[in-house]
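Q: Next comes the sequence, and after it the predicted model I'd like to discuss.
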Amino acid sequence: MRKVLKMLGIAGMLVILSAMLFGCGGGANSNGGQKDAGVKEKFEGKIIGIEPGAGVMKKTESAIEEYGLDFNLQDSSSAGMAATLEKKINNQEWVIVTGWTPHWKWAKWDLKYLEDPKGVFGEAEHISTITRKGFAEDMPEANKVLDNFSWTPDDMQAVMLKIREGMSPDDAAKEWIAANQEKVEEWVQDVDKSAAAGKEIKLGYVEWDSEIASTHVVKNVLEDLGFAVKATAVDNAVMWQGVAQGSLDAIVSAWLPVTHGDLYNEVKDRIVDLGPNLEGAKIGLVVPSYVTIDSIEDLK
């Protein structure tokens, strides 16, 4: 052995030590070579998405292209995404999901958005209330309620978490309404209840946890006034076409300007936008806080 070491000399020893410390593979880059290769492996090279066609899915596809990521976007559903996130967190494994705020997951787990220095996912969004044309003339009292409807991400997340814990959407909405009478009174002020009796209102919503919560709160407030409300879960495109064509009276699920921006632009001349019912919504790529990267750039 002494003969071998003597033959190698000091330079040879340094080469051997370097190989032992950093391994022998390629993939070197600005963030530490093997560390980055390990990042992709830890995420299994995939981003867990929701339903195809959702705005956050389109933006994630754009992010993969803009940042030059070698990751696959895996279609799923809102519930499927949450189930995968929960499983990974329970095992303290790395996972990336398409995420948004408000969502109950922020109250349940310690999560963070990956920074988006290129701004692919845009700035903060709002959620608007949209009605069909003519609704205000046909249902002026209901239109007042929809126009007054406004709440906060914390309000929405409280209802979402109750549903997540097993309460039905209607029961979770009723419980929230009972605990927030002062806020609800602002929505129903000056409404003539005698004009509501038996009149049917058709609400549409996408089956996102956030929109299940908001739609059922509005549904129960209108029902308490005497309206007969039918809430129907539909796909994103069907929801927008429904309110544009008049098969739906209203939606409180319009994520703008990014998530539903394309669908909004297709029908904006055939609908009435009553404005935001919630400010501070956001979409992006979400990871558990124990994941030791902070930016989408770190996925390269």
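A: Right, received. Where do you want to start?

Q: Could I get the buried residue list for stretch 240-255?
A: Residues of stretch 240-255 classed as buried: 240-244, 248-255 (neighbour count, 16 or more other C-beta atoms under 10 Å). For the C-beta atoms, the positions are set from N, CA and C on the backbone; glycine is no exception.

Q: go on, stretch 132-145?
A: Within stretch 132-145, the residues scored as buried using 16+ other C-beta under 10 Å are 132, 135-136, 139, 141-145.

Q: Identify the residues contacting residue 130.
A: By C-beta atoms under 8 Å, 6 or more residues apart in numbering, the residues touching residue 130 are 243, 250-251, 254, 271-274.

Q: mind checking pLDDT for it?
A: According to the per-residue confidence, residue 130 scores 98 in pLDDT.

Q: cool, and residue 26?
A: Residue 26 is assigned 37 on the pLDDT scale.

Q: which residue ranges form the helices in the stretch 51-200 of the chain?
A: For the stretch 51-200 of the chain, helices defined by DSSP state H, counting those that start in this stretch occupy the ranges 55-67, 78-90, 105-108, 135-138, 140-148, 153-164, 169-179, 181-188.

Q: could those go into a markdown table alongside distance to residue 43?
A: Below are these laid out as a markdown table (distance: least, C-beta to C-beta, whole Å):
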| stretch | distance to residue 43 |
| --- | --- |
| helix 55-67 | 13 |
| helix 78-90 | 10 |
| helix 105-108 | 18 |
| helix 135-138 | 46 |
| helix 140-148 | 42 |
| helix 153-164 | 25 |
| helix 169-179 | 33 |
| helix 181-188 | 41 |
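
Q: so how many other residues sit close to residue 60?
A: Neighbouring residues of residue 60 were enumerated by other C-beta atoms under 10 Å; the total is 26.

Q: returning to what we had before: can you put the buried residues of stretch 240-255 in JSON lines and add pLDDT?
A: As requested, the buried residues of stretch 240-255 are exported to JSON lines (pLDDT from 0 to 100):
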{"residue": "240", "pLDDT": "97"}
{"residue": "241", "pLDDT": "97"}
{"residue": "242", "pLDDT": "98"}
{"residue": "243", "pLDDT": "98"}
{"residue": "244", "pLDDT": "98"}
{"residue": "248", "pLDDT": "98"}
{"residue": "249", "pLDDT": "98"}
{"residue": "250", "pLDDT": "98"}
{"residue": "251", "pLDDT": "98"}
{"residue": "252", "pLDDT": "98"}
{"residue": "253", "pLDDT": "95"}
{"residue": "254", "pLDDT": "96"}
{"residue": "255", "pLDDT": "92"}
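
Q: Nearest the geometric middle of this structure, what residue?
A: With distances taken as C-alpha atoms, centre = their mean, the chain has residue 100 as the residue nearest its mean C-alpha position (2.7 Å).

Q: Correct me if wrong: that one contacts residue 56.
A: Yes: under the criterion of C-beta atoms under 8 Å, residue 100 is in contact with residue 56, at a separation of 6.1 Å.

Q: which neighbours do these two share?
A: With contacts defined as C-beta under 8 Å, 6+ apart, the residues shared by residue 100 and residue 56 are 259, 283-284.

Q: ok, of the residues you listed, which one's closest to residue 122?
A: Proximity to residue 122 was ranked across the shared contacts of residue 100 and residue 56 by C-beta to C-beta; first place goes to residue 283, at 7.6 Å.

Q: quick one: the closest residue to residue 125 other than its chain neighbours from residue 113, how far?
A: Take residue 125 and drop its neighbours on the chain: the residue closest to it by C-beta to C-beta, 6 or more residues apart in numbering is residue 281, 4.2 Å away. Here the distance between residue 281 and residue 113 works out to 13 Å (C-beta to C-beta, to the nearest Å).
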